[in-house]
Structure formats: structure tokens, C-alpha cells
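Undergrad: Could you look at this predicted model? Sequence included:
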Amino acid sequence: GAVVSQHPSRVICKSGTSVKIECRSLDFQATTMFWYRQFPKQSLMLMATSNEGSKATYEQGVEKDKFLINHASLTLSTLTVTSAHPEDSSFYICSAPFPGGARETQYFGPGTRLLVL
Amino acid sequence: GEDVEQSLFLSVREGDSSVINCTYTDSSSTYLYWYKQEPGAGLQLLTYIFSNMDMKQDQRLTVLLNKKDKHLSLRIADTQTGDSAIYFCAESKGNKLTFGTGTQLKVEL
């Protein structure tokens, strides 16, 4: 069964609105979670590392004011796309290292498809 | 930079073996992974190999690692239609993963 969940699975919004995506670790704690973005027929690009209790670490070229990350608890990280525009339409996937598995093994959520009109 | 490259497409007949190849550039990677992504879904971890290993077998899956050439391959024995998906290799440094470009595997009857 899934060990990482995401909500919503699919969202359509108007340009200029903000969208919040949740990533939850199920039955385990994750002090670190990762957010990726995937364009159609392309690979996953790491956007940021979400750290519980501290600020997220963003990859080069990712606007931290546009993609707000909050890791408020050991099982929940949220990604908020602020003032979304059509170019933000993408597939957003989170992951979390799974304790007890091989070191550095990560499990991925099912993804959230965002469409900005 | 860290570039991980894969061929874009592979077509095989059901029952044949599939071999998906991956080349990476970061020799300090500790683990290398293979993930499977079905249409519209997230990534499913298939298998991984530690960088000091040459080979790992897990049921129908065999991973070969040539560290000298920075080449990783995934062999799927007795390929089934349910294996049709996109396969990503990934290398890790710490908890950060760098993904390959993905190989779309199509299994034909």
C-alpha cells in the first residue's frame, strides 16, 4: 500500500489564484520531504527540500516566494503555488525517506496534477 | 553538473527480456535506483543498488552496475504487458535524487 499520500490528486484553478498541495507520510515520520515537478514527457526536477521545523531549501531557479513550503509536522508538508499562472501547470510529486528501508530509499506520493486556466 | 541519460523508447514483445540503460556522471553517488511510473501516477521504487555492488537480482529484475563506465542497466525477464510504463534511473547524493530522462517501455503482444 501507499506510504506517502498527496491531496488533491488533480486541481484546476483560475490564473492568479493560489493552490495548496498536501503531502503526508502514512504511519511514519518524515523530518525531510522533497517536492518535484514533472512536465509532460519529461523527467522529475527537484524543486525544494522541506524540513520539519525550519525553512525549506530551494533548488537554483525555483522562486521561494512563488512556491511556499511549510513542513508543520512530522507527517505533513504543504506546497502552495501562489498567484498561479498557466506556465505553473504541471505534475507535482512529493517524496519522503522511508525509515527502516535501505538508507536513502525514498517513497513517492501519487502526484498532483495542476492545471491553471 | 549532474546529467543522467537514458534512451527515450524501447519496444519489446511479450515474454522477451527488456534491457533499459542509463549513464550517469557523478561517480560519488552512493545509491542508484530504478523507478517505474505508470500514466498519470507517481513513482514506484522497483529496486536499487549500492555503488560498491556490480549486480543485484530481485525476481524478474536484474540490475547491473559498471562503475568504471558509469553505466547502469535494468533487465526485466519475461516482460509482460503490465510492465509497460516509463522507467527512470536515479542517482543519489545524501537524500537528493537526480533522475534520468526516462525510458518509455512498450510491450507488444
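TA: Structure's in. What do you need?
Undergrad: quick one: low-confidence ranges for the chain?
TA: No chain specified, so I'll use chain A. Along chain A, segments meeting pLDDT under 70 span A:1-2, A:100-104.
Undergrad: try chain B instead
TA: Within chain B, the stretches with pLDDT under 70 are B:1-2.
Undergrad: From the opening residue of stretch B:87-104 to its closing one, how far?
TA: Using Cα to Cα, to the nearest Å, the gap from the first to the last residue of stretch B:87-104 comes to 6 Å.
Undergrad: I misspoke; the intended subject was stretch A:33-43.
TA: Using Cα to Cα, the end-to-end distance of stretch A:33-43 comes to 19 Å.
Undergrad: contacts for that stretch?
TA: Contacts made with stretch A:33-43 from outside it, assessed by Cβ atoms under 8 Å, 6 or more residues apart in numbering or on different chains, are listed as A:23, A:25, A:44-50, A:67, A:69, A:71, A:77, A:79, A:90-96, A:106, A:111, B:88, B:95-97, B:99-102. C-beta: built from backbone N, CA, C; applies to glycine.
Undergrad: buried residues in it?
TA: Counting neighbours by 16 or more other Cβ atoms under 10 Å in any protein chain shown, one finds that the buried residues in stretch A:33-43 are A:33-38, A:43.
Undergrad: the strands in chain B, which residues?
TA: Ranges of strands within chain B are B:5-6, B:9-13, B:18-23, B:31-37, B:43-50, B:55-58, B:61-66, B:71-76, B:85-93, B:96-99, B:103-108, based on DSSP state E.
Undergrad: is any part of the shortest one close to chain A?
TA: No - shown here: strand B:5-6 not in contact with chain A (Cβ under 8 Å from any Cβ of the partner chain), separated by at least 8.8 Å.
Undergrad: helices or strands next to that strand in the packing?
TA: Using 3 or more Cβ pairs under 8 Å, 6 or more residues apart in numbering or on different chains; DSSP states H and E as the contact criterion, the neighbours of strand B:5-6 among helices and strands are strand B:18-23, strand B:85-93.
Undergrad: burial measure for residue 87, as a count.
TA: Here I'm looking at chain A. 8 (other Cβ atoms under 10 Å in any protein chain shown).
Undergrad: not what I meant, chain B
TA: 23.
Undergrad: so what's it up against?
TA: B:6, B:20, B:34-37, B:46, B:74, B:102-105.
Undergrad: so how far does stretch A:8-16 reach from one end to the other?
TA: Using Cα to Cα, the gap from the first to the last residue of stretch A:8-16 comes to 19 Å.
Undergrad: any idea how far that stretch is from the chain center?
TA: Per Cα atoms, centre = their mean, to the nearest Å, the displacement of stretch A:8-16 from the mean C-alpha position of its chain is 14 Å.
Undergrad: what does chain A put close to chain B?
TA: Residues of chain A lying near chain B (Cβ under 8 Å from any Cβ): A:4, A:6, A:32, A:34, A:41-46, A:49, A:93, A:95, A:97, A:102-111, A:113.
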